[in-house]
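**Student:** Could you look at this predicted model? Sequence included:
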Amino acid sequence: MKFSTAHILSLGILLAVAASPVSALAGQKQASTASKKVVKKATAKPRVVRKTSAANATVRTSPSYGQRAGLHGAADSLALRSSVALVVDQDTKEVLFSKNESAVLPIASITKLMTGLLVSEARLPMEEMITISQADVDTEKGSRSRLGVGTELSRGELLHLALMASENRAAHALGRTYPGGLSTFVGLMNARARSLGMSDTSYVEPTGLSSKNQSSARDLATLVSFAYGDPTLRELSTSTGHQVEVGHRTLQYNNTNRLVKNPAWDIGLQKTGYISEAGQCLVMQAKVSGRKLIMVFLDSAGKLSRIADAERVRRWVESNPPSLSKSAPLASVTADRQVALN
């Protein structure tokens, strides 16, 4: 993709396109081409996005980083609405489909998967009561929450709401009350990412409200595959709904991923995410046609587009079983870009 000098100056985007690997169906070897790309963080504060209802029910008021970088201009044979996508066979590590899989972008509430992993691995008492404080109130995006300041819930309930319903105050409280405090927790998030080989990933807080929480589809596939090994994360992230007692009220929370209620899907782990800078995001471990697949969709345009993209991939995999893969190769769509957003 070429840009005029005027266009580049107006958008504040610097694109550098290089060669990239080719992904195919099972049975084909992925071309080995080194690539590296960095999406630098915006220096100007993005426009505020206020939530209208549930955690991900938001209205985009500014272009996502992927849109500003021109990633949505990359076409693919599945006509996905996500500018970044990656589908990997969890057992064989075969890359079945890839699109801009190395682009580093904001990941929104996908962040909470790492938050949940650290809390679960720490073996902290899940019955311990935690009080929501003013420090847990979102000043980044102005999002709302039904967990008012002073609400007391157990650590286990907060973890459940963070993973299933993407509750921001719940996730922040989990990080704030971690031994050593919030700064220690964020440092451990980054250290855990490095230990898993997630070299494109960085965190600055535990909710995903900050656009400075960034990663690539390749890194997130690594995280999903590892997190799937934690029974707590599997159970809580795929729960269809959960009720909590808050004072004299009973609050009903539902999963932000409608696919967990769909009988056509066998989902082992999942997490959704949305802020305007990240677009609609979704990561999952799911069994399709007997195969355990890791799916990553980032920067999808449209409220239901990430769900539609997952459905497209599922139908595609079902129509191309492994025995036919050698006769039905699919080229990847990858842009190696260094993007400066000013």
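**Tutor:** Structure received.
**Student:** Need the contact partners of stretch 215-224.
**Tutor:** For stretch 215-224, the external contacting residues (CB atoms under 8 Å, 6 or more residues apart in numbering) are 84-86, 88, 98, 100-105, 107, 110, 113-114, 117, 193, 196-202, 269, 283-285, 294, 296, 298. Any C-beta I mention is one placed from the backbone N, CA and C, and that applies to glycine too.
**Student:** Could you rerun that using 6 Å?
**Tutor:** 84, 86, 88, 101-102, 104, 107, 196, 198, 200-201, 283, 285, 294, 296 (CB atoms under 6 Å, 6 or more residues apart in numbering).
**Student:** Secondary structure of Met284: a strand, I assume?
**Tutor:** Yes: using DSSP: H, G, I helix; E, B strand; the rest coil, the assignment for Met284 is a strand.
**Student:** Just grab the bridge partners of it for me.
**Tutor:** With DSSP bridges as the criterion, Met284 is bridged to Gln270, Met295.
**Student:** Does it touch Ile294 like I think?
**Tutor:** No: the pair Met284 / Ile294 is not scored as a contact, 7.5 Å apart, by CB atoms under 6 Å.
**Student:** Backbone torsions only: list them for the spatially most central residue of the chain.
**Tutor:** The residue lying closest to the centre of the chain (CA atoms, centre = their mean) is Ile110, at 3.3 Å. Per-residue torsions, Ile110: phi -60, psi -20 (degrees, to the nearest 10).
**Student:** which residues touch it?
**Tutor:** So Ile110 contacts Lys271, Gly273, Cys281, Val283 (CB under 6 Å, 6+ apart).
**Student:** how close does the nearest residue to Ala264 once chain neighbours are set aside get to Ala79?
**Tutor:** Nearest residue to Ala264 in three dimensions, chain neighbours excluded: Arg314, at 7.6 Å (CB to CB, 6 or more residues apart in numbering). According to CB to CB, to the nearest Å, Arg314 and Ala79 sit 14 Å apart.
**Student:** When those two are compared, which one has more neighbours?
**Tutor:** Set Arg314 next to Ala79 and count neighbours by other CB atoms under 10 Å: Arg314 wins out with 20 against 9.
**Student:** pretty sure the more buried one is touching Ser289, no?
**Tutor:** No: contact criterion CB under 6 Å: Arg314 and Ser289 do not qualify, at 8.7 Å.
**Student:** where exactly do the strands run in this protein?
**Tutor:** Using DSSP state E, the strands of the chain run over 38-39, 82-89, 95-99, 105-106, 129-131, 152-154, 214-215, 241-246, 249-254, 266-275, 279-288, 291-300, 338-339.
**Student:** Among those, which one carries the weakest average confidence?
**Tutor:** Here the strands of the chain differ in mean pLDDT, and the lowest is strand 338-339 at a mean of 35.
**Student:** Quick check, pLDDT for Glu121.
**Tutor:** So, for Glu121, pLDDT stands at 98.
**Student:** which residue packs closest to it, ignoring adjacent ones?
**Tutor:** With CB to CB, 6+ apart, the residue lying closest to Glu121 is Asp230, at 7.5 Å.
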